[in-house]
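>>> next come a sequence and a model predicted from it.
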Amino acid sequence: MLHFREAGEGSPAILLLHAFPLNWRMWEPQIDQLHDRARVIAPDFPGFGLSGPPQGMTSLEDYARKVVAVLDRQGVDEVIVAGLSMGGYVAFPLIHLLGRRLAGLLLADTRATADDEATAAARHELATEVEAQGVEVAANEFLPKLIGRTVLRTRPAVVDSIRSIIMQNNPAGVAGGLRALAARSDSTPLLARVTCPTVCVVGEEDSITPPEVVAEMAAQIGGAKVEVLAEAGHLSNIEAPEAFTEVLRALLETVAAR
């Protein structure tokens, strides 16, 4: 069973799926702002945060099934799924795993396509380095890419906070996450199956999944909206927490009004 943070009450619940290589704590700004009006659940994927390390090889589909087990155990019948980066990749299999239970979808700083061969190979190489040298290798590799230029230049405390979250993770979990990311399939065919209210969010300074990539993905989801957050990079919910939370709050209101 995955460790998860839960706060608030109500239906639909909001499920927050974290980015790589972070954990549930990246969602603290949203939990603080939304727990008084919604039930919020934020799990740690295997080997991240307080979840135990993965047992053998894992996939993002495995992550998704474990997330569904959390929702089943907590008696969640209707849920808005919000996934950022790797959390978005886990959200894709949830489209069919949750079926009618999926009431709303927020895809942030993510893409539906799979890794190319070079990117997948680099992930496998980094996974081996993490196993040999520890999580700091991943922190050093990813931090400059995850954070937009504005925050890197002007908000060093945010950078330090993100690093501290990364360092809480288990090397086996981080290595397993890298291999799962490398092995993921193309989720583009799933986009046309999304029928719930959907919003795609991206930081304007995101160099990993730039706004044009997210807009292209959104165009394949019927009725999806696109929100570009100013002065934010790949971790848009941390870099622009108020704007991100407002988008999530608006989605909750849209779903509740249906």
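Everything's here; your move.

>>> what separation is there between the residue of the chain most remote from its centre and M167?
Relative to the average C-alpha location in the chain, and by C-alpha atoms, centre = their mean, no residue lies farther out than A132, which sits at 26.1 Å. Taking C-beta to C-beta, to the nearest Å as the measure, A132 falls 17 Å from M167. Where you see a C-beta, it was placed from the backbone N, CA and C, and this is true even at glycine.

>>> tell me which element R5 is part of?
Assigned by DSSP states H and E, R5 belongs to strand 4-7.

>>> just the buried residues of that strand, please?
Of the residues in strand 4-7, 4-6 count as buried by neighbour count, 16 or more other C-beta atoms under 10 Å.

>>> before we move on, what about stretch 137-151?
With the criterion 16+ other C-beta under 10 Å, stretch 137-151 contains buried residues 137-139, 141-143, 146-148, 150-151.

>>> now do stretch 157-170
158-159, 162, 165-166, 169-170.

>>> which residues of this structure fall in strands?
Per DSSP state E, the chain carries strands over the ranges 4-7, 13-17, 40-43, 79-84, 102-108, 198-203, 225-229.

>>> mind listing the strands the fifth one pairs with, and their directions?
According to DSSP bridges, strand 102-108 forms sheet pairs with strand 79-84 (parallel), strand 198-203 (parallel).

>>> so which of these comes closest to E212?
Of all these, strand 198-203 sits nearest to E212, with 9.1 Å by C-beta to C-beta.

>>> so how far is that closest one off the chain centroid?
Mean C-alpha position of strand 198-203 versus that of the full chain (C-alpha atoms, centre = their mean, to the nearest Å) differs by 12 Å.

>>> give me the contact list for it.
Contacting residues not belonging to strand 198-203 are listed as 104-109, 148, 209-211, 213-215, 217-218, 221, 223-229, 231-236, 239-240, 244, 247, 250-251 [C-beta atoms under 8 Å, 6 or more residues apart in numbering].

>>> now, of those, which are buried?
Buried subset of those (neighbour count, 16+ other C-beta under 10 Å): 104-109, 148, 209-211, 213-214, 217-218, 221, 224-229, 231-236, 239-240, 244, 247, 251.

>>> what's the end-to-end length of stretch 180-197?
Stretch 180-197 has an end-to-end distance of 28 Å (criterion: C-alpha to C-alpha, to the nearest Å).

>>> report the buried residues of it.
Those would be 180-184, 187, 190-191, 194, 196-197, for stretch 180-197 by 16+ other C-beta under 10 Å.

>>> what are the contacting residues of it?
Contact with stretch 180-197 is made by 20, 58-60, 62-63, 86, 89, 92-93, 95-96, 102-105, 112-115, 119-121, 123-124, 217, 220-224, 251, 254-255, 258, as judged by C-beta under 8 Å, 6+ apart.

>>> same deal with stretch 140-156?
The contact list for stretch 140-156, computed with C-beta under 8 Å, 6+ apart, reads 19-21, 126, 158-159, 162-163, 166, 203-208, 231-235, 239.

>>> mean confidence score for it?
Taken as a whole, stretch 140-156 has an average pLDDT of 97.

>>> can you map out the helices along the stretch 1-150 of the chain?
Taking DSSP state H, counting those that start in this stretch as the criterion, the stretch 1-150 of the chain carries its helices at 28-34, 60-73, 86-98, 117-133, 136-146, 149-154.

>>> CA atoms of the first one as CSV?
Put plainly, it is helix 28-34. Written as CSV, here are the backbone C-alpha positions of helix 28-34 (Å, rounded to 0.1, in the frame of the first residue of the first chain):
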residue,chain,number,x,y,z
GLU,A,28,1.6,21.2,0.2
PRO,A,29,0.6,24.6,-1.3
GLN,A,30,-2.5,23.1,-2.9
ILE,A,31,-3.4,21.0,0.1
ASP,A,32,-3.1,24.0,2.4
GLN,A,33,-5.4,26.0,0.1
LEU,A,34,-8.0,23.4,-0.8
